[in-house]
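Visitor: My questions concern the predicted model and sequence given below.
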Amino acid sequence: MTNQSRIRNFSIIAHIDHGKSTLADRLLELTGAVSERDMREQILDTMDLERERGITIKAQTVRLSYRGADGHDYELNLIDTPGHVDFSYEVSRSLAACEGALLLVDAAQGVQAQTLANAYLAVDAGLEVIPAINKIDLIAADPDRVAGEITNVIGGSSDDIVRISAKTGEGVTGLLERLVEQVPPPAGDPDAPLRALVFDSYYDAYRGVVCYVRVVDGRLRSGFRLKFIATGETHDAAEVGILTPSAKPVGALEAGEVGYLITGVKEIDRIKVGDTLTDAASPARDPLPGYAEPKPMVFSGLFPTDGDDFERLREALEKLRLNDGSLMWEAETSRALGFGFRVGFLGLLHMEIVRERLEREYDLDLVATAPSVAYRVTLPDGSIREIKSPQDLPDPGSRVGVSEPYVRAMILTPTEYVGPIMELVTTKRGEMGNMSYLSPERVELDYQIPLAEIVFDFFDLLKSRTKGYASLDYEPADYRTADLVKVDILLNGQPVDAFSAVLHRDKAADYGKTMTGRLRSLIPRQMFDVPIQAAIGGKIISRETVKAKRKDVIAKCYGGDVTRKKKLLTKQKEGKKRMKMVGSVEVPQEAFVAALRVDDDT
Amino acid sequence: MNSTDVDIHASKAAAYVHVPFCSAVCPYCDFAVVAGADDRIERYIDAVVAEIGQAGPWRVLDAVYFGGGTPSHVSPHFLGLVLGALQACHGIADDAEISLEANPEDFSEQRADALLTAGFNRVSFGAQSFDDTVLARLGRRHRAEDIEGSVDNARRAGFGNISLDLIFGTPGESERSWEGSLQRAVDLLPDHVSCYALTVEPGTPLHREVKAGADAPDPDVQADRYELAERLLPSGGLERYEVSNWSRAGQECKYNLVVWAQGEYEAYGNGAHRFLNGVRSHNVRRLDAYVDRVEGGMRPIAGADPIDGWDVEVDRLFVGLRRSAGVGPGPGVESLLQTSGGQMLLREGIIEVAEGRLMVRRPLLTDEVHRQVLDLDPPQGWVEPTNTDNL
C-alpha cells in the first residue's frame, strides 16, 4: 500500500500521431514496467485497428513505480484516454479519474483542433495540465513556435514547457519529475464510505465484464458486496487488482488508487461507464458527479450486400457491443437495400471504426446509407419526437416544427486558409464565433454549425480547401429550429427509401438534382422509360429519365451457333436475377451503392 | 412469307461447310478464321471431305451453305470437291439452295463461272457498306465500286440468287452514308439483304481499340440505322423475314430457315455447328487441331449439348422467334404469357400473339424476349411428349 501523498494519477492528451503511445512506451520502459525484451510498439493499443491507425479507441491503464529525484518511491497511474472527440464522454470519464494531464504537442505540427478540445476538457475537469513538446529530434521541429501556441491556449510561460523526444527518450525523465512535482496527490478521504468511479469497462470472454475503477474515498476490498449507484445493481467484488500492465490481483484498492474490478457480470449493459460504486452494506450518500448515458449523434443504415448475411451482421454487432456499450441499433428494412440496421454512433470516426471492424473482423460486405443526425420534431399536440431516420419525418401537416442538433466546431488553420474556410462554413449554414490567433501564422476559428452539415461532407471539403492543413474538432451544442424538409427520390413513381434525406430547404434542390442525375447514369435502361424524380411531399423538384432501351439483340446467329448465344443470354439472365426490383424496374444493387458514395462528384 | 412456309423447314435437311481462309482478317471478326494460310487450303479441303465420309450418309440435302472465312477465297475446284463429297454421301436435292459467301475484292467473271460450274446457285457478298470511308474503317479491302462489279460478274455468269451483307452503326458512319449504302444496295436489285449492327466482340482488334479509347458503336444510333433499313428496303421489294434478313418473296435463305425452324443440319469444318438427333454439337475451332483430328481418324467434335425434355420447347421458341413469322402455339408460348416478364413484353408491345402464334414485334429487343424464354418453366400439368417415331 502506497501513501496517498505518493500517488500521481494522470493521462496523456494528444492529437493523432503526436506521439502519445510512443511516450507511454517510453514511460513503461523507464519505470521498468516492461522489460526491453517484451517491449513492442504501442504496447497499450491492443486492437489491430488501434495500432494500424495510430489511435486509441479504448482507454487503458497501467501502474508505474518510479523513484523520484527526491529518493521517494511514487505510484504513477497512467490512464491512457481515447484521443478523439467522438469518444469525448470516455475521455471525460478518464480525466475524472486523474489529477493531472500531460498535454503532448508535436514540435513540427503544433497545436491541433483535437489537442485543443481535449485540453479544454482537462482544464474544465480541474486538472493540472503539464504541457510538453514532443518530437524535438525532427528536422522540421520548431519548438519555440509551438511553445508560443501552447501558451496562447492554456496560458503559462513558454519556458515552463518540457521539450522531449519520446522516440529517443530525451527529456522523458525530466517530464516524470515534473509530473511528480506538479500533479497533486489524490485528495480523497480514506476513512469515508467507499466511492469509486467506473471510468471504463471491457468484455473478456473468460472473466466477463472488467471495470477500470478509480477509488476516490474509502477502500475497495476484494470480496465486498458492491452497489452501483446509477444502475442500482449490487454485485460482489470477485477480484480486485492492478495493471502493471499485466493484471495482478491485490487484496484492496485504497483511496486515490486506480485498478480493475471483476464482478462476474457477463453483460456489458449492466455496468455503466461513469457509474459510482459503493459499499452495499454502508453505502455513500452521494454519487460522484458526472454520470451520463453516452448519446449517439450520427446515424446510418447498414445493410449487408448479400441479403443472406443479415443474421451474421446482427451477431457481429452484438459482439462489438460487448466492448462498446455506446453502440446502438434497430432493425431497418429498405426497399432498395433489403434488411439491415439503423445504427447510432458517437460521431463520424466511431462510425468509420465500427464499419471497418465489421468488414474486417467479421468479413462482412456492407452498404451504408448517408449518415444523418437525430432531429427533434414538435408534433401538433406539443410533444416532441426524436427521429433518427429520414423516412420517419412526419409530413409537414403532421408536425409543428423541426429542430436539428448544432455543434461547436473548432477549426485550427494556417491563416492563409481563413478566407476559404469562412466561405465554406457560410455555405454550410455555420455561424462564426471567436477567432483567436495561436501565433501569427495559425488561428483558431470557432463556429456554431449544424451537425448534419458536418456529417455530410464538411470534413472532406475542409481538407481539400486547406490542402489538409486545417484540423477540426466539434462538441455538441444545442438544438435549433430550421426550415427542414424531407426530399424523397422516386423511381418510376416509387420512393426509394435509402435516398430519402432531411435537408435545409435551400439545399433540397441541389440534393435532388445530384441524386437524380447520379441515378440516371447508374440505372440501366429498361424496356420502358423510367422517370427518376426528387420530391418534397407531392412536389417534384427535379426529374431525369432513363430512356427505354432501343436495341438489345445479338445481330448475327452465326453458322447455326445457337448454343453460344444461349449461354451468353443465360449468363445475362442470371445477372438480372441478382437485381433489386423497385416496382417493375430492375436495378443492380451496385447502382444503389454507387449512388450512396457521395465523394465522387460533389 | 407465311407461317406454314417457315414452319415446313423444320422437316428439311441442311448442311453447313466452314471455310476459314481469308486474305486478311477484318478487325471486328471473331469467327474461326485464318489469313495468310493458303498453303494449308488443300490439306484442309481433304480433311473436310474425310469428315463427310466419317460422319456417313444422312439425308438428301435441301440446302447447303458454305460460310467462312471467305469461301470465295478458295479455288472453286476445291469447293467443288466438297460439294461432290456431299452429293456422293447424302445426295443433294434438285431444287436445293447451294450458297456460298464471297468477298467483292476479287470476284471475277471467271471465278463466278467456275463456281456455277462447281454447283453453286446462290452467292452472298460481304458488301458491308457502299461508303469507302466506312469500308476503310471496317478494315475491308474492297471499295464500293467492287461490289457493283462483283454483282455484275455474278449475274453475267448466271447466278440467279444474289445476297448482300451490310454492316451498320460503324463509328463515323453518318445517317446519310447508311442511307446511301441501302439505296445503292437496292439499286443492284439483290434477291436478299442481311443487315448487321457492328458488334464489338471480345478478343478482336476492334475490342482492343475501343478499350484503348476509340469510339464504340452507339446502340441508339444503331437503332436509328436499323429503322432506316426497315423503311427503305421494302422499296426494293425486300421484306424482313428475320431479325437481320430481308428478301424478295420466296428468296429467303433456306439454310437459315432450317436453323430457325429447329430443323436438323449437318456441319463440317473447323468450328462448325450442327443440330442432329436432338443434339447441338460443334467441332474444334482451331484449324490445325481440326485437321489433325480428322487425319488421325477421329471425329473432330469438341462439345455437345443434348436438347431434351422441356428444353426442346424452349429451344423451339429460342430459334423460332428470330423469324418475323414467330412460332406456332405450344406450351412454351403458354408459359411465357403467364410470367410477369411475358406480360411486360406484351404490355410494352415487344411481343404479340395473333392466331396462337407468338411474334416479336420489336426485333431490336429480341434478346430480352430470349432471356425470358430461356428462363421458362413448363406450364402446370406439362408432360414430356413421347417420341412415337422411334417405336
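Guide: Structure's in. What do you need? Numbering: from 1, shown residues only, chains lettered A, B, ... in the order given.
Visitor: Which parts of the stretch 1-150 of chain A are strands?
Guide: Taking DSSP state E, counting those that start in this stretch as the criterion, the stretch 1-150 of chain A carries its strands at A:7-14, A:60-67, A:73-80, A:100-106, A:128-134.
Visitor: Which among those strands is found nearest to residue B:336?
Guide: Of all these, the one in closest proximity to residue B:336, counting by CB to CB, is strand A:60-67 (66.4 Å). C-beta here means a position set from N, CA and C on the backbone, and glycine is covered the same way.
Visitor: thinking again about what came up before, where among the strands of the stretch 1-150 of chain A is the average confidence lowest?
Guide: Mean pLDDT is lowest for strand A:60-67 among the strands of the stretch 1-150 of chain A, at a mean of 86.
Visitor: Do I have it right that residue A:220 meets residue A:251?
Guide: No. Checked against CB atoms under 8 Å, the pair residue A:220 and residue A:251 is beyond contact range at 10.1 Å.
Visitor: So for those two, which sits in the more crowded spot?
Guide: More crowded of residue A:220 and residue A:251, by other CB atoms under 10 Å in any protein chain shown: residue A:220, with 25 against 11.
Visitor: any idea how far residue A:277 is from the residue nearest to residue A:327 when sequence neighbours are not counted?
Guide: Excluding its sequence neighbours, the residue lying closest to residue A:327 (CB to CB, 6 or more residues apart in numbering or on different chains) is residue A:321, at 4.8 Å. Applying CB to CB, to the nearest Å, the value for residue A:321 to residue A:277 is 22 Å.
Visitor: out of those two, which sits in the more crowded spot?
Guide: Neighbour comparison, residue A:321 and residue A:277: the larger count goes to residue A:277, with 32 against 18 (by other CB under 10 Å).
Visitor: can you pull the contacts of the more buried one?
Guide: The contact partners of residue A:277, taken as CB atoms under 8 Å, 6 or more residues apart in numbering or on different chains, are A:194-196, A:198, A:213, A:220, A:226-229, A:261.
Visitor: who does it bridge with?
Guide: Note on residue A:277: beta-bridge partners by DSSP bridges are residue A:196, residue A:228.
Visitor: Report pLDDT for it.
Guide: Confidence score, pLDDT, at residue A:277: 93.
Visitor: try residue A:58
Guide: Predicted confidence (pLDDT) for residue A:58: 50.
Visitor: so where's the longest strand in the chain?
Guide: If you meant another chain, say so; for now it's chain A. Criterion DSSP state E: the longest strand present in chain A is strand A:401-414.
Visitor: Hmm, no, I was thinking of chain B.
Guide: Across chain B, the longest stretch assigned as strand under DSSP E is strand B:92-102.
Visitor: buried residues in the following helix or strand past it?
Guide: Downstream of strand B:92-102, the first helix or strand assigned by DSSP states H and E is helix B:109-118. Residues of helix B:109-118 classed as buried by neighbour count (16 or more other CB atoms under 10 Å in any protein chain shown): B:111-116, B:118.
Visitor: Pick the one among these closest to chain A.
Guide: Proximity of the buried residues of helix B:109-118 to chain A (CB to the nearest CB) peaks at residue B:115, which lies at 19.8 Å.
Visitor: my read: the closest one touches residue B:123, true?
Guide: Yes. Judged on CB under 8 Å, residue B:115 makes contact with residue B:123 at a distance of 7.2 Å.
Visitor: what is in contact with the two at once?
Guide: B:72, B:100.
Visitor: Show me what residue of the stretch 201-350 of chain B gets nearest to chain A.
Guide: Closest point on the stretch 201-350 of chain B to chain A, by CB to the nearest CB, is residue B:223, at 3.7 Å.
Visitor: What backbone torsions are found at the residue nearest to residue A:327?
Guide: phi -70, psi -20 (degrees, to the nearest 10).
Visitor: For chain B, see how far away it is.
Guide: 42 Å (CB to the nearest CB, to the nearest Å).
Visitor: Wait, that residue touches residue A:315, no?
Guide: No. If you go by CB under 8 Å, residue A:321 and residue A:315 don't touch, sitting 10.7 Å apart.
Visitor: circling back to that earlier point, now do the longest strand of chain B, average pLDDT.
Guide: For strand B:92-102, the mean pLDDT works out to 97.
Visitor: buried stuff in it?
Guide: B:92-93, B:96-102.
Visitor: ok, residue A:573 - how many residues close by?
Guide: Residue A:573: 16 surrounding residues under other CB under 10 Å.
Visitor: How about residue A:155?
Guide: Residue A:155, neighbours per other CB under 10 Å, totals 9.
Visitor: Please apply the same query to residue B:132.
Guide: For residue B:132, using other CB under 10 Å, the count is 15.
Visitor: What does the pLDDT read for the nearest residue to it once chain neighbours are set aside?
Guide: For residue B:132, ignoring the flanking residues on the chain, the nearest one in space by CB to CB, 6+ apart is residue B:143 at 5.1 Å. Turning to residue B:143, the model gives it a pLDDT of 96.
Visitor: just checking, residue B:143 touches residue B:130?
Guide: No. With contact defined as CB under 8 Å, residue B:143 does not count as touching residue B:130 (9.2 Å).
Visitor: more crowded one of these two?
Guide: A side-by-side neighbour count of residue B:143 and residue B:130, using other CB under 10 Å, places residue B:130 first with 24 against 16.
Visitor: Phi first, then psi, for the residue in the stretch 401-550 of chain A that chain B sits nearest to.
Guide: The nearest approach of the stretch 401-550 of chain A to chain B comes at residue A:550, 3.7 Å away (CB to the nearest CB). Main-chain torsions, residue A:550, degrees, to the nearest 10: phi -110, psi -30.
Visitor: For it, which non-adjacent residue is spatially closest?
Guide: residue B:223 (3.7 Å).
Visitor: Can you classify the one you found as helix, strand or coil?
Guide: Following DSSP: H, G, I helix; E, B strand; the rest coil, residue B:223 is assigned to helix.
Visitor: picking up where we left off before, got the angle between the longest strand of chain B and helix B:109-118?
Guide: 150 degrees (axes from the mean of the first three to the mean of the last three CA atoms, to 10 degrees).
Visitor: Looks like residue B:377 contacts residue B:334 (just checking).
Guide: No. In this structure residue B:377 lies outside contact range of residue B:334 using CB under 8 Å: 11.2 Å.
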